[in-house]
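Participant: make a model of this:
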Amino acid sequence: MRDLLSRLTLPVFAAGALVIAACGGAAATESGRRIDLEMKEFAFTQTAITLKRGEKLTLSFKNTGTTEHEFMAGRFGADNMGFAQDFFAGLKYQVAPPASLHGKRHGTAQGGVWVSPGQTATISFVVPDRPGTYEFGCFATGHYKAGMKGSLTIE
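Facilitator: Here you go, the predicted structure:
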């Protein structure tokens with residue numbers, strides 16, 4: 001009986017691994033840390049976020065406001081324009097739902113999410129080995145200037 005269990009254990013685990021891989025691979029089973037933020041006129045619920053290099057992270061945004069909001073990160077922000085230096089440039093990241101991908105909203109392609117009132121969106125990535133402080137903000141007309149921003153620090 002013990003021999004039979006030993007011979008069945010490996011195939012059962014192998015089949016389970018194949019099912020997990022078909023559903024999205026390691027990322028589906030090792031989602032990492034999640035940070036929830038709300039967006040509203042004209043603020044994020046968190047204005048300082050600290051991340052660790054190499055950690056798997058999902059930022060989840062819920063727009064509780066009455067107008068569209070966005071999340072972008074980088075350096076050298078300008079109202080209604082976005083960041084001159086995009087934090088997400090060169091990073092592999094996933095946005096859900098795909099329709100919330102920020103794309104080219106301010107004349108240049110920049111990473112981030114765009115969230116309609118009452119909707120949610122997530123952006124998932126592995127924190128890069130780029131220690132320092134970055135800024136995040138919403139660049140919908142007038143929002144950044146009104147103070148809808150915060151700091152993103154990588155340790």
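Participant: now the residue most central in space within the chain: phi and psi?
Facilitator: Residue closest to the average C-alpha location in the chain (CA atoms, centre = their mean): I123, at 2.4 Å. When read as degrees, to the nearest 10, the backbone of I123 gives phi -130, psi 120.
Participant: least trustworthy helix or strand in the protein by mean pLDDT?
Facilitator: Across the helices and strands of the chain, mean confidence by mean pLDDT, DSSP states H and E is lowest for helix 26-29: a mean of 33.
Participant: which parts of the protein are helices?
Facilitator: For the chain, the helices defined by DSSP state H cover 2-22, 26-29.
Participant: ok now the lengthiest strand in the chain, how far from the chain's centre?
Facilitator: Looking across the chain with DSSP state E, the single longest strand is strand 69-78. Strand 69-78 sits 13 Å away from the centroid of its parent chain (CA atoms, centre = their mean, to the nearest Å).
Participant: elements contacting it?
Facilitator: Here strand 69-78 touches strand 33-40, strand 56-63, strand 82-86, strand 113-115, strand 132-137, going by 3 or more CB pairs under 8 Å, 6 or more residues apart in numbering; DSSP states H and E. Yep, even glycine has a C-beta here, placed from its N, CA and C like the rest.
Participant: dump the residue contacts of A140.
Facilitator: Contact partners of A140, counting by CB atoms under 8 Å, 6 or more residues apart in numbering, are T67, E68, H69, E70.
Participant: returning to what we had before: least reliable of the helices of the chain going by mean pLDDT?
Facilitator: Of all the helices of the chain, helix 26-29 carries the lowest average pLDDT, namely a mean of 33.
Participant: sorry, back to before: now the contacts of A140 in JSON lines, with distance to H102?
Facilitator: Shown next, in JSON lines, are these (distance: CB to CB, whole Å):
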{"residue": "T67", "distance to H102": "16"}
{"residue": "E68", "distance to H102": "11"}
{"residue": "H69", "distance to H102": "11"}
{"residue": "E70", "distance to H102": "6"}
